[in-house]
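Chemist: Here is my input, please return the structure:
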Amino acid sequence: MNYEIIRELEKAQLKAEVPQFNVGDTVRVANRIKEGTRERVQIFEGTVMKIQGGGARTTFTVRKESSGIGVEKTWPLHSPNVESVTVVREGKVRRAKLNYLRGLSGKKARVKAKNVR
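Modeler: Just a heads-up that it's a prediction; the model follows:
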C-alpha cells in the first residue's frame, strides 16, 4: 500500500485555518446540524478534555454539565460540520487528558484560568 497517496488525499481534506486551543480551555463549538432540508448551527460550550490523533484524523472532546449531568461530545477538527471553535477562556492544566473531571461535578469540576500578562 502506498502511504504517499493516502497522505496526499488527507492533505486535501484539511481546513485552511485551524483554531488554536489546548486541553483545559473553555471553548464554544459551532456545529452544523442538518434536519431534513434545513440546516442550522448549534453551539456547544464546555471544557476541552482531550485532543488526539494527527493530520486529518485529529479529534477533540468537549465536556459540559447540563442539568447536573455530564455531557461529552467528540468532533473531528477538520470536519465541515464544525463551523468554528472559539476559545472563551484559557485553562491552566498539567495533564494531556482530563479524565479526572468525569468524577467531579459543580464547582469542583472547574479548571483554573491561566494568568494572562
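Chemist: Identify the bridge partners of the residue positioned nearest the centre of the chain.
Modeler: Per Cα atoms, centre = their mean, the C-alpha nearest to the average position across the chain is that of residue 60, at 3.9 Å. Legend: beta-bridge partners of residue 60 under DSSP bridges are residue 51, residue 75.
Chemist: and what of the one 10 residues further on?
Modeler: Note on residue 70: beta-bridge partners residue 65, judged by DSSP bridges.
Chemist: My read is that it contacts residue 105, right?
Modeler: Yes. Under the criterion of Cβ atoms under 8 Å, residue 70 makes contact with residue 105 at 7.2 Å. Backbone N, C-alpha and C define where each C-beta goes, glycine included.
Chemist: Which one's more surrounded, the two?
Modeler: residue 70 (15 against 12; other Cβ atoms under 10 Å).
Chemist: Give the full set of residues in contact with that one.
Modeler: For residue 70, the contacting residues are 63-64, 102, 105, by Cβ atoms under 8 Å, 6 or more residues apart in numbering.
Chemist: repeat that with 10 Å
Modeler: 46, 63-64, 101-105, 109 (Cβ atoms under 10 Å, 6 or more residues apart in numbering).
Chemist: Could you turn the buried ones of those residues into a PyMOL selection?
Modeler: The following PyMOL line selects those of those that are buried, judged by 16 or more other Cβ atoms under 10 Å:
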select buried, resi 46+63+101+109
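Chemist: Report the separation between residue 67 and residue 42.
Modeler: Plainly put, residue 67 is 17 Å away from residue 42 if you go by Cβ to Cβ, to the nearest Å.
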